[in-house]
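A.B. asks: sequence and predicted model, in that order:
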Amino acid sequence: MIHKPTIRRCAAAVLVALTVTLGLGAQERSLTNTYNSKYARVWGVDETAVHWTGGFWGNRFEVCRDTMVVNMWHIMDDPDLCPAYRNLEIAAGYMEGRHRGPAFLDGDFFKWLESAAAVYAVTRDPALDRQMDEIIETIAKAQREDGYMHTQVVIPERNARKNAAQAQSTAIVGAGGPVGTATATADGGAFNNRLNFETYNHGHLMTAACVHYRATGKRNLLDVAIKATDFLCEFMENDPDGLARSTICPSHYMGVVEMYRATGDPRYLKLAHDFIDLRSRVKDGTDDNQDRIPFRDQWNAMGHAVRANYLYAGVADVYAETGDETLLPNLESIWEDIVNRKMYITGGCGALYDGTSPDGTSYEPDFIQKVHQAYGRAYQLPNTTAHNETCANIGNLLFNWRMFCISGDGKYNDIVEKVLYNSLLSGISIDGTRYFYTNPLRLSDDFPYELRWPKERTEYISCFCCPPNTVRTICEAQNYAYSLSDEGVWCNLYGCSELDTKLRDGSAVALSQASGYPWNGDVTITLKKAPRRKEMTLFLYIPGWCDGHFTVSVNGQPQSVTVDKGYAAVRRVWKAGDTLRLDLEMKTKLIESNPLLEETRNQVAVMRGPVVYCLESPDLGGVKIDNVVIPADIRLTPKELDIDGCTVTALTGKALRTPDVAWTNTLYREVSGAPQSVDITLIPYFAFGNRGHSEMTVWMPLNRF
């Protein structure tokens, strides 16, 4: 009898060593490794090079380390709740059983494993390392000999082989000797069902393997991923049409490119490039699967928002390696369409639970198709019914991060930041134990019908793709803080942190950063190591929200700097002990939308720095959220507020309230009653829903007079 390994349930220990010697070159251990990418402007620092030392992201990482990763492991190791790990154990032969749960559950488990590896890159916790090794042993045994990795198919194949062997044994005994051989058969098989999410699962295996390899220096999971990638290469050669039909939710684009970056195997880059061309081979494709229109004929964001954003991110990865000029114009056009016509103020994407996806091109100008989780039409952004699946929002981040790596343009980092502080964090409770699948911008108890997904975060969601995606992204946030180029260091995400790295020429650079960001715009960077007797540039991200109002000083001396593509460059010969001060003017702003966005016509949202605010019923003392009107001249004062152990900056002020008149069985009525003054408190959007059941709104009526 084969026994499953004993999985040690452990919380990661206190932050320890920041660097570790791996069998990799310097700067080739970053989350998205563009160090050798010919068409990338910047590359990331090693996964082990940055850690948070406090502040906003330090608090979030502590919750990741101590709660999110551990809690999610308990969920995925509980077969009565989530059979993710049990499926792998059965496929590995540790126990008998059948596959349970959705087809994409393997990929969701690999996301969790990636989050564990990201935490280990910072903490170096030996117990977490042992736990990952034991899990990887199970994964390796669950993989088919040819490299295929999908428990929904592997388990019935294993069961069929066992049943065939038992039948043959019974026949031999009954006949008194051999009577021939029995052939094991199983339902399905590789890439026979386009809804099996096989390439999605393989893609997340590859990404997790690369993160784990760069964090630990171990090849045990990378070797599993190499076998899986080799399998896809062979399948592409033998049956490209079969593979074309099965490339749903294309995480594998990013995964295969990252495998190329980790191994240098040119077959993998060719495979990723071929995946783009493969979409033109699909007959009767759908916008749900992003395969009705070949990518090079797509100029607007369309289709299923999660799958679309994953596709765009993967294509950006391919461009960074190949410089294929038939790809970049499409990516730039699609980005413009998202940001200027189809994205929520929070960075959320995919407005419609079920919508239509007109392609907006000459490809099929009169064609309209029903699409789940749709981008929909331009300016079609409802609030109460906003879908905004957390995975789509994360996909938006992944797409924009890769566009930033290619270009070094801060406009992409504006969106990365917008997602990080708003539509990513809203997907998980502050204590790290409960999750949203969707992220609406308005919740009302008066809404007359139930939506598909709960209005309150829950510990487990039947479609469990978003929770591990959220956790891995928060665990990896420090990897977005700094980038490198031949000129120097790029500061992208402000917060209390330390960086210890090397430039391409081997020069050591170390710095510490202190900041109250995102609650204030004060940033202090202190150099601990710097190249000797040579100039280096510090590129400082100047967010779009500050409208160019900022100051920079070095060692107390004001600096005259210019901003190019959202970054201010400070170039000089630095020395240990030098201090740079960046002050970003952080004003509270009332934001209005394009008048074509009918849902928010004559309404405003409130932003302060990168943070979107909302009005929540616990702060209104019984006043209905729909009765609050924002005066155009409102003065909002920052105020610290504790929400479930997390200190946030709330905004307080005096607004107006309209009379509370019942709307039961009433669609229209005459305006009546004079508004009265009401005290309001606005909280960060990501923090809503952490104080029990509530109503909430981001957009509020505006009184201009």
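C.D. replies: That came through fine.
A.B. asks: what is the least confident helix or strand in the chain by mean pLDDT packed up against?
C.D. replies: Across the helices and strands of the chain, mean pLDDT, DSSP states H and E gives its lowest value to helix 151-175, namely a mean of 79. Packing partners of helix 151-175 (3 or more CB pairs under 8 Å, 6 or more residues apart in numbering; DSSP states H and E): helix 84-92, helix 105-123. To be clear about C-beta, it is placed using only N, CA and C from the backbone, and glycine gets the same treatment.
A.B. asks: show me what counts as buried in that helix.
C.D. replies: 151, 152, 153, 154, 155, 156, 157, 158, 159, 164, 168 (16 or more other CB atoms under 10 Å).
A.B. asks: of the residues you listed, which is the nearest to residue 642?
C.D. replies: For these, the closest approach to residue 642 (CB to CB) belongs to residue 151, at 43.2 Å.
A.B. asks: quick check: the closest one vs residue 520, distance?
C.D. replies: 48 Å (CB to CB, to the nearest Å).
A.B. asks: cool, and residue 668?
C.D. replies: Separation of residue 668 from residue 520 (CB to CB): 45 Å.
A.B. asks: look at those two and report which has more neighbours.
C.D. replies: Between residue 668 and residue 520, counting by other CB atoms under 10 Å, residue 520 is the more crowded of the two (15 against 5).
A.B. asks: could you find the closest non-adjacent residue to the more buried one?
C.D. replies: Of all residues not flanking residue 520 in the chain, residue 586 sits nearest, at 5.9 Å (CB to CB, 6 or more residues apart in numbering).
A.B. asks: for that neighbour, give me its contacts.
C.D. replies: 520, 521, 546, 608, 609 (CB atoms under 8 Å, 6 or more residues apart in numbering).
A.B. asks: of these, select the buried ones using a PyMOL command.
C.D. replies: This is the PyMOL syntax for the buried subset of the contacts of residue 586, where burial follows 16+ other CB under 10 Å:
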select buried, resi 521+546+608+609
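A.B. asks: now, which of the contacts of residue 586 sits nearest residue 494?
C.D. replies: Closest to residue 494, out of all of the contacts of residue 586 and judged by CB to CB, is residue 521, at 8.3 Å.
A.B. asks: ok, the nearest residue to the closest one once chain neighbours are set aside to residue 212 distance?
C.D. replies: Beyond its immediate neighbours in the sequence, the residue positioned closest to residue 521 (CB to CB, 6+ apart) is residue 584, lying 3.1 Å away. Using CB to CB, residue 584 is found at 36 Å from residue 212.
A.B. asks: now swap in residue 161 and tell me
C.D. replies: When distance is defined by CB to CB, residue 161 is 30 Å away from residue 212.
A.B. asks: likewise residue 56?
C.D. replies: Distance, residue 56 to residue 212, by CB to CB: 27 Å.
A.B. asks: so for those two, which sits in the more crowded spot?
C.D. replies: The neighbour comparison of residue 56 against residue 212 (other CB under 10 Å) goes to residue 212, with 29 against 24.
A.B. asks: now do the more buried one against residue 372, distance only.
C.D. replies: With the distance defined as CB to CB, residue 212 ends up 32 Å from residue 372.
A.B. asks: residue 219 now?
C.D. replies: Separation of residue 219 from residue 372 (CB to CB): 39 Å.
A.B. asks: for residue 277, same thing?
C.D. replies: Separation of residue 277 from residue 372 (CB to CB): 26 Å.
A.B. asks: all helices of the stretch 201-350 of the chain, in order?
C.D. replies: 220-238, 240-244, 251-263, 266-278, 305-322, 328-337 (DSSP state H, counting those that start in this stretch).
A.B. asks: any chance of those helices in CSV, with mean neighbour count and distance to residue 356 too?
C.D. replies: As requested, those are arranged in CSV below (neighbours: other CB atoms under 10 Å; distance: least, CB to CB, whole Å):
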stretch, mean neighbour count, distance to residue 356
helix 220-238, 20, 32
helix 240-244, 17, 24
helix 251-263, 28, 25
helix 266-278, 20, 25
helix 305-322, 26, 13
helix 328-337, 17, 16
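A.B. asks: which one of those has the lowest average pLDDT?
C.D. replies: When the helices of the stretch 201-350 of the chain are ranked by mean pLDDT, helix 240-244 comes last with a mean of 81.
A.B. asks: show me where pLDDT drops low in the chain?
C.D. replies: Along the chain, segments meeting pLDDT under 70 span 1-27, 169-188, 357-367, 449, 451-454.
A.B. asks: which secondary structure element is home to residue 650?
C.D. replies: strand 646-657 (DSSP states H and E).
A.B. asks: again with residue 629
C.D. replies: Short version, using DSSP H and E: residue 629 is in strand 628-631.
A.B. asks: how distant is the helix or strand following that strand from the center of its chain?
C.D. replies: With elements assigned by DSSP H and E, the helix or strand that comes after strand 628-631 is strand 637-643. Offset of strand 637-643 from its chain centre (CA atoms, centre = their mean, to the nearest Å): 27 Å.
A.B. asks: packing partners of strand 637-643?
C.D. replies: Using 3+ CB pairs under 8 Å, 6+ apart, strand 637-643 sits against strand 646-657, strand 676-684.
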